[in-house]
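Participant: below is the sequence, then the predicted model.
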Amino acid sequence: MANPKLLLAVDVGGTEIKAALLGADSTPPLGPSSLTVQARVRRTTPRGADGTATANAVVTAVADLATEFAASHDVAAVGVVEIGRA
């Protein structure tokens with residue numbers, strides 16, 4: 001069996017940042033795969049004095065989450081989604 005690849009999925013919302021560590025198990029080379037949740041966390045979305053400060057605080061919070069997970073897991077990739085404005 002192949003070693004699972006760990007993926008960190010991060011959802012940045014207006015009030016919360018949610019992150020889940022997902023294990024992707026597959027059979028080589030392109031066999032069926034499945035995802036299992038290995039760990040999850042929720043944090044309050046940080047706010048700054050203005051838009052730029054808030055954006056910087058959110059980027060720092062996401063980077064901190066990735067660093068925390070990577071300290072104890074072999075994270076292969078990080079994906080981040082956030083709601084945009086039109």
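Facilitator: In hand now; what should we look at? Numbering: from 1, shown residues only.
Participant: which parts of this protein are strands?
Facilitator: Assigned by DSSP state E, the strands in the chain fall at 5-12, 16-26, 33-44, 75-82.
Participant: buried residues, the one helix or strand in the chain whose mean pLDDT sits lowest. List them.
Facilitator: One helix or strand of the chain scores below all others by mean pLDDT, DSSP states H and E: strand 16-26, with a mean of 87. By 16 or more other Cβ atoms under 10 Å, the buried positions in strand 16-26 come out as 17-23. C-beta here means a position set from N, CA and C on the backbone, and glycine is covered the same way.
Participant: before we move on, the earlier item: let me have the strands of the chain in CSV, extended by distance to Ala55.
Facilitator: Output for the strands of the chain, formatted as CSV (distance: least, Cβ to Cβ, whole Å):
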stretch, distance to Ala55
strand 5-12, 10
strand 16-26, 13
strand 33-44, 16
strand 75-82, 10
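Participant: among the ones you listed, which is nearest Ala66?
Facilitator: In terms of Cβ to Cβ, the element of the strands of the chain nearest to Ala66 is strand 75-82, at 5.2 Å.
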